[in-house]
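Engineer: Sequence plus the predicted model coming up.
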Amino acid sequence: MPRTTTVESPGCPPLRALTFDSLGLVKVIEAHDGQDGGAVKMVERWGDPDSSKCVLAASILDRESDPLVSVARKCGSIEVISAINGDLRAQIPNHGDEDDAITGLHLFSKQQSESSSRACKLFTCTTKGHARMESIELGGTVAEFVRDPSPTVWDVCGSGNILCSKVDGNENYALFGGKGVEVNVWDLQKCVKIWTAKCPPKNTLGIFTPTWFTSATFLSKDDHRKFVAGTNSHQVRLYDISAQRRPVISVDFRETPIKAVCEDIDGNTIYIGNGSGDLASIDMRTGKLLGCFIGKCSGGIKSIARHPQLPVIASCGLDSYLRIWDIQSRQLLSAVFLKQHLTSVVFDSHFRKEVPVPEVTNTVEEAEVIETPAKRKKGFKDEHTSKKRKSKRSSKKRLSDDED
């Protein structure tokens, strides 16, 4: 038998996260310091279970006042809800279908600060490469929101399937990649392609690896020239559009496809998850594997999110668990089982823990009321033992009489 050790989870700091699953449910996960050892638990659930409303992509407008979350569903609709109470603020129906599902979604934040507080901008991309960017004006209810009559629409690919897309931190550029589609970068202001990758050369055996990108992200929020892409052939590639068209660094990780890639705020480290549940961090300056996170997930990892302030990341996937990890020790801090297959997770960084109000008790009244302890009745066991003691004493007396 193998030797196993049980390691208790130390608990995580106060945080708030939103998860999205295959039945279209949005679940609010919170952790409070000092309660249940800092363990995460589900506090709210928004929506009704419906497989046709499976959440394919999600994006959060993370701000202190009136944060918003946009979700793209399997039925083709896009919803904008409040990240505080889950109220539906806007709904765009018939944005796509099952054959042309939405794979990329982004809710702009920079343009939001320059305009009114109720206006927001959405960017979407479908599997067939139909990109769309439009502005909406939110109202008090769902019926009061106003759509842009002339949205910007263009195609990012002529063939293949788009499987991943990402908007940079300054929200001026976007990258796309997929099955049969090399990663390429577009200028969102001009809707023009500015760079396209070149496929790697054949290996020493003359075998050509087909193009199949599964996930991608920009390495830094301030620099759109460097980005990382994960492939179906378990490779992680670093591209620099100012240097060359082929990968600058290519790293092999395990034996299953890379399913999720997330960048760190330091601009050098990335976190990757694959189809067999392995989670690791890599320094992309050298391509060195910093280490794998302690613990094993039962299913493929679908999404990884880095907290903007706390040194933690969240991962979720097909095993229906949301896990919170420490990025320094790579140890599991807490986990919660959420029943459905999870597709995405986002952090609400402006969450503030509530200070518990101490309860005032009237000690005078409690001191006056003193209950008299009730007499404990003699049980069957006590009676039985007393009888045994009497019989022993009588037997001793008989023995003494006989000796005399």
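Structural biologist: Arrived safely, thanks for sending.
Engineer: so Ser52 sits in a helix?
Structural biologist: Yes - counting by DSSP: H, G, I helix; E, B strand; the rest coil, Ser52 is found in a helix.
Engineer: Nearest residue to it in space, please, no chain neighbours.
Structural biologist: With sequence-adjacent residues excluded and distances taken as Cβ to Cβ, 6 or more residues apart in numbering, Ser52 is closest to Cys75, at 4.9 Å. In short, each C-beta sits where N, CA and C put it, glycine included.
Engineer: show me where the protein has helices.
Structural biologist: For the chain, the helices defined by DSSP state H cover 110-114, 363-368, 380-403.
Engineer: worst average pLDDT in the ones you listed?
Structural biologist: Lowest mean pLDDT within the helices of the chain: helix 363-368, at a mean of 43.
Engineer: quick one: Cys164 from Asp87, how far?
Structural biologist: As for Cys164, its distance to Asp87 is 30 Å (criterion: Cβ to Cβ, to the nearest Å).
Engineer: the more surrounded of these two?
Structural biologist: Ranked by neighbour count (other Cβ atoms under 10 Å), Cys164 and Asp87 place Cys164 first, with 22 against 12.
Engineer: Report the beta-bridge partners for the more buried one.
Structural biologist: According to DSSP bridges, the partner residues bridging Cys164 are Gly177.
Engineer: Would you confirm that it contacts Trp212?
Structural biologist: No - contact between Cys164 and Trp212 fails when scored by Cβ atoms under 8 Å: they sit 10.7 Å apart.
Engineer: residues shared between the contacts of those two?
Structural biologist: Residues touching both Cys164 and Trp212 (Cβ atoms under 8 Å, 6 or more residues apart in numbering): Gly178.
Engineer: can I get the CA coordinates of stretch 120-135 in PDB?
Structural biologist: Output of stretch 120-135 as PDB, limited to C-alpha atoms (Å, rounded to 0.1, in the frame of the first residue of the first chain):
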ATOM      1  CA  CYS A 120     -21.000  49.700 -22.000                       C
ATOM      2  CA  LYS A 121     -19.300  48.200 -25.000                       C
ATOM      3  CA  LEU A 122     -19.300  44.500 -25.900                       C
ATOM      4  CA  PHE A 123     -17.000  42.500 -28.200                       C
ATOM      5  CA  THR A 124     -17.900  39.000 -29.400                       C
ATOM      6  CA  CYS A 125     -16.400  36.400 -31.700                       C
ATOM      7  CA  THR A 126     -18.000  33.200 -33.000                       C
ATOM      8  CA  THR A 127     -16.600  29.900 -34.100                       C
ATOM      9  CA  LYS A 128     -16.700  30.800 -37.800                       C
ATOM     10  CA  GLY A 129     -14.800  34.000 -37.200                       C
ATOM     11  CA  HIS A 130     -17.600  36.600 -37.100                       C
ATOM     12  CA  ALA A 131     -16.500  39.400 -34.900                       C
ATOM     13  CA  ARG A 132     -18.800  42.000 -33.600                       C
ATOM     14  CA  MET A 133     -18.400  45.200 -31.500                       C
ATOM     15  CA  GLU A 134     -21.300  47.200 -30.300                       C
ATOM     16  CA  SER A 135     -22.400  49.700 -27.600                       C
END
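Engineer: tell me the mean pLDDT for that stretch?
Structural biologist: In this model, stretch 120-135 has a mean pLDDT of 94.
Engineer: likewise stretch 22-29?
Structural biologist: Mean pLDDT, stretch 22-29: 97.
Engineer: Restrict it to CA atoms and write it as CSV.
Structural biologist: These are the backbone C-alpha positions of stretch 22-29, laid out as CSV (Å, rounded to 0.1, in the frame of the first residue of the first chain):
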residue,chain,number,x,y,z
SER,A,22,-23.0,23.9,-18.2
LEU,A,23,-26.6,24.3,-17.0
GLY,A,24,-26.4,28.1,-17.3
LEU,A,25,-26.2,28.8,-13.5
VAL,A,26,-24.2,31.6,-12.0
LYS,A,27,-22.9,30.8,-8.5
VAL,A,28,-21.5,33.3,-6.0
ILE,A,29,-18.6,31.9,-4.0
